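Colleague: Sequence isn't available, so here's the structure alone:
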């Protein structure tokens, strides 16, 4: 049996996925070869593969979608093209990570494409485990409004799509939800729980921990928002925070299923909505 493990950082855009992925890389997980360059809105780097993000964009486009589409992505829409996408993804995965035993894979698009990437990773010999940072939806919306001139309602729908799809698709795997603010405040405690729950050994040397301390700073959190959000979004956020605190529970999953199904039904009314 292969000893390779893929740490998939599965979270919504602007939810702290870059800081979590960067910290895990500094603690010994192998980051991709072709990292996206830092940007003004993310000066410490995105810690995701430019190549794999581009592949994800093409996969979404093949299904008539984009990274900012809040509707369901339907794999059936790209059924004929999926074998070619899988073969390319496996090749690019090997090129990005080589034969590393522990890798960190992060791209918010994977929230909507997790079934595809789980299959590619497992067929490539990885044990797949999931880390899901959760940030308040009002803060995510404020960040997207500032960076992308996105409407608040659009950003909130996008948040719900990403977190609900990611939660449902990753249920059968070892996973750890974490409140991003808790990670920033006490990354050592969060990493310790992550290591225990996921069966992953990190580099906890003084040198590695000092690098993470230097990397994580208050500057990473630029948006604070306490505005009210729609009840279903507020409820979904509360349920995910309970999962972060107490772990998975069937009652929490059933409640999240109800929210996701109601959202899907609402989306079905707006299939002509612009992406």
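Modeller: Cool, the structure landed. Everything numeric in this text was worked out from a predicted model, so none of it was measured.

Colleague: Please, where are all the helices along this structure?
Modeller: 17-26, 50-62, 82-97, 114-123, 137-148, 152-169, 180-185, 187-198, 206-215, 231-246, 250-268 (DSSP state H).

Colleague: Buried deepest among those helices, which one?
Modeller: The highest average neighbour count among the helices of the chain, using mean count of other CB atoms under 10 Å, belongs to helix 17-26 at a mean of 25. For every residue, glycine as well, the C-beta is placed using N, CA and C.

Colleague: hang on, isn't residue 194 packed against residue 178?
Modeller: Yes: in this structure, residue 194 is within contact of residue 178 by CB atoms under 8 Å, at 7.5 Å.

Colleague: ok, residue 165 to residue 118 distance?
Modeller: Distance check for residue 165 against residue 118: by CB to CB, to the nearest Å, it reads 13 Å.

Colleague: where does the stretch 1-150 of the chain have low pLDDT?
Modeller: Within the stretch 1-150 of the chain, the ranges that satisfy pLDDT under 70 run 1-2, 41.

Colleague: Quick check: closest non-adjacent residue to residue 68.
Modeller: Excluding its sequence neighbours, the residue lying closest to residue 68 (CB to CB, 6 or more residues apart in numbering) is residue 158, at 6.2 Å.

Colleague: Return the distance of the one you found relative to residue 100.
Modeller: According to CB to CB, residue 158 and residue 100 sit 32 Å apart.

Colleague: ditto for residue 206
Modeller: Distance, residue 206 to residue 100, using CB to CB: 23 Å.

Colleague: Including distance to residue 129, could the helices of the chain go into a markdown table?
Modeller: Converted to a markdown table, those look like this (distance: least, CB to CB, whole Å):
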| stretch | distance to residue 129 |
| --- | --- |
| helix 17-26 | 11 |
| helix 50-62 | 18 |
| helix 82-97 | 15 |
| helix 114-123 | 10 |
| helix 137-148 | 24 |
| helix 152-169 | 14 |
| helix 180-185 | 16 |
| helix 187-198 | 4 |
| helix 206-215 | 19 |
| helix 231-246 | 15 |
| helix 250-268 | 18 |
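
Colleague: Any idea which of those gets closest to residue 10?
Modeller: helix 152-169 (4.7 Å; CB to CB).

Colleague: sorry, back to before: hey, what's in contact with both of residue 194 and residue 178?
Modeller: Counting by CB atoms under 8 Å, 6 or more residues apart in numbering, the common neighbours of residue 194 and residue 178 are residue 131.

Colleague: and residue 72, how many neighbours?
Modeller: Neighbourhood size, residue 72 [other CB atoms under 10 Å]: 18.

Colleague: ok, it - contacts?
Modeller: Counted by CB under 8 Å, 6+ apart, residue 72 has contacts 112, 161, 165, 264, 267.

Colleague: what's the neighbour count on the residue nearest to residue 253 when sequence neighbours are not counted?
Modeller: If the residues on either side of it in the chain are set aside, residue 253 comes closest to residue 171, at 6.6 Å by CB to CB, 6+ apart. Number of residues near residue 171 (other CB under 10 Å) recorded here: 11.

Colleague: can you tell me how far residue 171 sits from residue 33?
Modeller: Noted for residue 171: a distance of 31 Å to residue 33, by CB to CB.
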